[in-house]
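J.: predicted model and sequence below, questions to follow.
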Amino acid sequence: MPTAVASRDRSINWVSSIPFFAFHLFALVAVFFVPFHWSYVAWAFGLYYARMWAVTAGYHRYFAHRSFKTSRVFQFVLAFLAETSAQKGVLWWAANHRHHHRESDQPADLHSPLQDGFWWSHVGWILSDAYGDTREESIRDFARFPELRFLNRWYLLPPFLLAVGVFLIGGFPLLVWGFFVSTVVLWHGTFTINSLSHVFGSRRYKTTDTSRNNFLLALVTCGEGWHNNHHYHQNTANQGWFWWEVDATYYVLKLLSALGLVSDLRRPSDAVKYAFRKYSADDQVAVESMPAMFGRARVAALAARAKVAEAVKGATELAGPAPLPVLKRR
């Protein structure tokens with residue numbers, strides 16, 4: 001049942017949030033105290049996108065929406081890789097996201113910019129004690145796996161192991177760039193889908209929320225920026241539905257499918273993909289499929305061509321036969 005607005009706790013626990021802000025401060029200051037090298041930037045860039053893919057493919061498209069299938073072993077791998085993003089546990093993340101879709105931009109939504117403003121939707125709700133527990137009733141399908149419950153409880157273990165590995169590879173400078181800087185940017189890249197994707201962009205489909213498609217956010221988040229597509233039909237492995245909608249997460253999933261690591265990638269049907277909204281005067285929506293629109297256009301074009309041919313034929317008959325050329329003897 002939707003939670004009443006009055007019962008919502010929008011307060012932030014500033015004491016327990018100290019590590020979050022300290023992480024930001026350290027990442028911002030430390031880069032000025034380590035030798036700069038472009039290889040560090042490359043590591044930060046690579047680990048950003050590797051973990052962004054794990055968040056979008058693992059946390060979001062698999063655990064939250066079950067948009068493809070995989071083995072229990074690779075399921076664990078996806079969860080572990082996603083948790084290196086330091087965005088809490090896999091069950092916590094997926095359960096809260098499912099709740100967001102049930103209540104999207106409604107009073108009970110955990111992070112709606114429409115209801116609570118940009119700051120809350122972007123990061124405030126994460127720092128609130130009210131949403132620290134895992135909504136187990138929303139994630140029972142995956143909560144039955146003990147290894148996922150373990151990861152969900154010890155969610156700091158994967159990022160800690162990543163930090164240790166990065167330090168062993170490149171020392172303190174690489175730790176700063178490859179882990180701290182990369183993680184902070186990764187956080188805010190992910191958070192933009194909760195905040196900016198409900199504010200900036202275009203709306204192809206009529207939904208009950210303010211979700212929007214945004215090309216730039218799709219580049220930043222490996223394809224999650226096609227948010228209006230996603231909210232219109234949630235359980236597809238691809239969120240970019242047309243060739244120009246870049247979706248790096250889906251491209252990698254297609255590769256993994258070819259390798260046999262994942263299967264049954266769900267895609268939108270033509271009825272879903274080509275359904276566009278058309279507004280009448282009273283703002284009611286009449287949905288017409290794109291194939292039907294193209295069909296009507298083709299019939300109209302053929303009719304117009306027939307009329308042109310008929311007009312040309314009539315003009316030819318009216319003018320009579322063309323005179324024969326006069327041949328001159330040489």
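T.: That came through, no problem.

J.: run through the stretch 151-300 of the chain and note the low-pLDDT ranges.
T.: Within the stretch 151-300 of the chain, the segments meeting pLDDT under 70 span 276-300.

J.: got the residue ranges for the helices in it?
T.: In the stretch 151-300 of the chain, the segments counted as helices under DSSP state H, counting those that start in this stretch are 157-174, 182-191, 215-220, 227-232, 248-258, 270-273, 290-319.

J.: wait, Pro35 touches Pro173, no?
T.: Yes: with contact taken as CB atoms under 8 Å, Pro35 and Pro173 are classed as touching, separated by 5.9 Å. (Each C-beta comes from the backbone N, C-alpha and C, glycine too.)

J.: mind checking which of the two has more residues around it?
T.: Using other CB atoms under 10 Å, the more surrounded residue of Pro35 and Pro173 is Pro173, with 19 against 7.

J.: and that one, how far is that from Val166?
T.: Computed as CB to CB, to the nearest Å, the Pro173 to Val166 distance reads 10 Å.

J.: for Thr208, same thing?
T.: 43 Å.

J.: so for these two, which sits in the more crowded spot?
T.: Between Thr208 and Val166, counting by other CB under 10 Å, Val166 is the more crowded of the two (20 against 9).

J.: how about Asp116, what does it touch?
T.: In this structure, Asp116 makes contact with 10, 124-125, judged by CB atoms under 8 Å, 6 or more residues apart in numbering.

J.: oh, I was asking about Arg144
T.: For Arg144, no residue meets the contact criterion (CB under 8 Å, 6+ apart).

J.: can you show me the strands along the protein?
T.: Taking DSSP state E as the criterion, the chain contains strands spanning 69-70, 262-263, 275-276, 288-289.

J.: what packs against the first one?
T.: What it means is strand 69-70. Of the remaining helices and strands, those touching strand 69-70 by 3 or more CB pairs under 8 Å, 6 or more residues apart in numbering; DSSP states H and E are strand 262-263.
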